[in-house]
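Participant: what follows is a predicted structure for the sequence shown.
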Amino acid sequence: MSSRNSPARLALRSLLRRPAALFGFTVLALVALLAVFAPWIAPYDPLATSWSLVRKAPSAAHWFGTDEVGRDLLSRVIWGGRASLSAGVIAVAIAVGAGVPIGMLAGYLGGWVDAIISRLTDAMLAIPFLILAIALAAFLGPSLGNAMIAIGITATPIFVRLARGQVLSARAEDYVEAARAVGNPPARILVRHILPNIAPPVLVQGTLAIAAAIIAEASLSFLGLGQQPPSPSWGSMLNVAQRFLTQAPWMAIFPGLAIFLTVLAFNLFGDALRDALDPKR
Amino acid sequence: MLHFLPRRLLQLIPTLFLVSVIIFSLQQLLPGDPALVMAGEEKDPEVIAQIREQYHLDKPIPVQYGYWLAGVLQGDLGESMRIKKPVSELVAEKLPVTLQLASMAMLFALLIGIPAGILSAVRKGSGWDIGANVFALWGLSTPNFWLGIMLIFLFSVKLGWLPASGFVSPFEDLRQSLATTVLPAFVLGNAIAAVLMRHMRSAMLQAMSADYVRTARAKGLYERFVVLRHALRNALTPVITLGALEFGTLLSGAVLTEQVFSIPGFGKLIVDAVFNRDYAVVQGVVLVTATVYVLLNLLADVLYVLVNPRLRS
């Protein structure tokens, strides 16, 4: 992989040439930096209330205005990014961590193992995404951690199906046949030979899944099933904001914009990644 | 020509069976003893024992599942603990509301997504194409509940044109019914319009480079005729199927949209049930949703065969 024209390098070069990818990457880097360094960047304490500052419009002191108990919205949006980003990344990590090995096993072993896993995947995919996530979050109990688990479990079948399909087509390839012929055990073939070859589509799907997971977390928090008050999250901020739409529209505008920009960035980056990793291009 | 139908219907059985297993297992995630919860404040041991027997909670879990499934197969989804009504009755009451919303949303999606997709394929690389792609990206990245809140702000709070929330049945007052559903239907349809536009664009691009389109052009047909009669008819086929699959997105989206616009539909039913810890309702709604979704997927397959002459023989 260290040669100058390795596939990974070619893909990276092609990725960096795309303005959409650069824009997506820049926004993501910015959101990630804000989330990681929130304690130092946020101008105020996101939980500090002030009765003299209730629902103040955006101003020089409070760029995004203040909320119904006088908390600084900019600080809450910055801290809320922590909840949203970590929920997106951790939920997808759960889905990839569980889905890819299960899907690879199903594809490689075939037979009844594959039949059971595939039917179970079909059944889970037969329940609309958010409805399954809501049901799971409801039964697990409302909290940010449980929302991540619920979204992660709900997204798992997508990766099972993806990994299974990829392994099925890779299994017929000459390099797998060759690896088997020289006596590699199945586990080694799966991890050392097949996994690197199915990684690109998983990476693309993973990036796009983070976008979907962030919307899902915001949705659950909006419904009251994610991050619990007073901790800030973009979804729960919108829930409160709806009640004050006439008096304080800025409370609804900024958290929503934050979700939109972050999700847009993941979608742009994912789309560009797919094009860059597509060997046909 | 629909010889595959009986086999596909049979295949639904194991899928729906596993769906029912998943939904039933959800209940096992619940901390605590449901009998204790139902017994109320006093926790009279006799009442608890009676509840255990009545709801078969004293039996092993597979047996409990058997009782539950037997009920479901007879149309008995259990009873709402909160509203004291059979779940099937609640479903029958709320489903039409969501179906009205979903149909209107699909109409919006088709009216926006299909023409936008055609236009951007025919004028590839033009301002139209860029505009349509930006619209699609915007539609896919905007959380629909936020879009709903923003539209309420614009059309209800600022302009005062439409009611901010509530629902009127079309049988009561058609005008009011449309006024209460047009915003939520647009919000729901918007994301699907984006998906349809992308599918339509790529199907259309593929069709436009096909030999029969070149032949049609070589015959000297008007470009409009080539696009609409030759390319579009072929490109529409996959889009119809993919469009039907988007009904799952509609059902998911309806949960949030109904919450934002306070529409008493299916989505509101499940959210209220979640907060009232009314688990029979949650299970019932999820089961019905999954069944509807699976049947719609089947319908998509049937449509695909019906509109594709090559598959008819």
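Facilitator: Yep, it's here.
Participant: per-residue pLDDT of B:Gly40, please?
Facilitator: For B:Gly40, the pLDDT comes out at 69.
Participant: let me redo that: A:Asn5
Facilitator: For A:Asn5, the predicted pLDDT is 69.
Participant: again, but for B:Pro31
Facilitator: On pLDDT, B:Pro31 comes in at 64.
Participant: show me what the longest helix anywhere in chain A is packed up against.
Facilitator: Determined from DSSP state H, the single longest helix within chain A is helix A:73-109. Where contact means 3 or more Cβ pairs under 8 Å, 6 or more residues apart in numbering or on different chains; DSSP states H and E, helix A:73-109 is packed against helix A:19-36, helix A:38-41, helix A:111-125, helix A:144-171, helix A:195-223, helix A:234-243, helix A:250-277. In short, each C-beta sits where N, CA and C put it, glycine included.
Participant: quick check: buried residues in that helix?
Facilitator: A:73-85, A:87-92, A:94-96, A:98-108 (16 or more other Cβ atoms under 10 Å in any protein chain shown).
Participant: off-centre distance for that helix?
Facilitator: How far helix A:73-109 lies from its chain's middle: 5 Å, per Cα atoms, centre = their mean, to the nearest Å.
Participant: next, the angle from it to helix A:250-277.
Facilitator: In terms of direction (axes from the mean of the first three to the mean of the last three Cα atoms, to 10 degrees), helix A:73-109 departs from helix A:250-277 by 30 degrees.
Participant: tell me where the model's unsure across the stretch 151-281 of chain A.
Facilitator: Scanning the stretch 151-281 of chain A for pLDDT under 70 picks out A:279-281.
Participant: what parts of it come near chain B?
Facilitator: Contact residues, the stretch 151-281 of chain A versus chain B (Cβ under 8 Å from any Cβ of the partner chain): A:211, A:215, A:218-219, A:222-225, A:238, A:241-242, A:245-246, A:249, A:252-253, A:255-256, A:259-260, A:263-264, A:267-268.
Participant: so what's B:Val144 up against?
Facilitator: In this structure residue B:144 is Asn, not Val. Residues near B:Asn144 by Cβ atoms under 8 Å, 6 or more residues apart in numbering or on different chains: B:Val187, B:Leu188, B:Asn190, B:Ala191, B:Gly253, B:Leu256, B:Thr257.
Participant: from the residues you listed, list the ones also adjacent to chain A.
Facilitator: Among the contacts of B:Asn144, chain A is touched by B:Gly253, B:Leu256 when using Cβ under 8 Å from any Cβ.
Participant: secondary structure and neighbour count added to the contacts of B:Asn144, as TSV?
Facilitator: Formatted as TSV, these follow (DSSP: H, G, I helix; E, B strand; the rest coil; neighbours: other Cβ atoms under 10 Å in any protein chain shown):
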residue	secondary structure	neighbour count
B:Val187	helix	27
B:Leu188	helix	31
B:Asn190	helix	24
B:Ala191	helix	26
B:Gly253	helix	30
B:Leu256	helix	28
B:Thr257	helix	28
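Participant: which of the contacts of B:Asn144 lies closest to B:Asn308?
Facilitator: For these, the minimum distance to B:Asn308 (Cβ to Cβ) is 26.8 Å, reached by B:Ala191.
Participant: I'd say that closest one and B:Thr142 touch.
Facilitator: Yes - between B:Ala191 and B:Thr142 there is a contact at 7.4 Å, judged by Cβ atoms under 8 Å.
Participant: how close does A:Leu195 sit to A:Phe159?
Facilitator: Distance, A:Leu195 to A:Phe159, using Cβ to Cβ, to the nearest Å: 13 Å.
Participant: just the helices from chain B, written as ranges.
Facilitator: B:5-26, B:34-38, B:45-54, B:61-73, B:87-122, B:127-141, B:144-151, B:174-208, B:211-218, B:223-225, B:232-245, B:247-261, B:266-275, B:279-307.
Participant: quick one: which of these is nearest A:Phe23?
Facilitator: helix B:127-141 (11.1 Å).
Participant: now the closest one: buried residues?
Facilitator: Residues of helix B:127-141 classed as buried: B:Asp129, B:Ala132, B:Asn133, B:Phe135, B:Ala136, B:Leu137, B:Gly139, B:Leu140, B:Ser141 (neighbour count, 16+ other Cβ under 10 Å).
Participant: what's the average pLDDT for that helix?
Facilitator: For helix B:127-141, the per-residue pLDDT averages 88.
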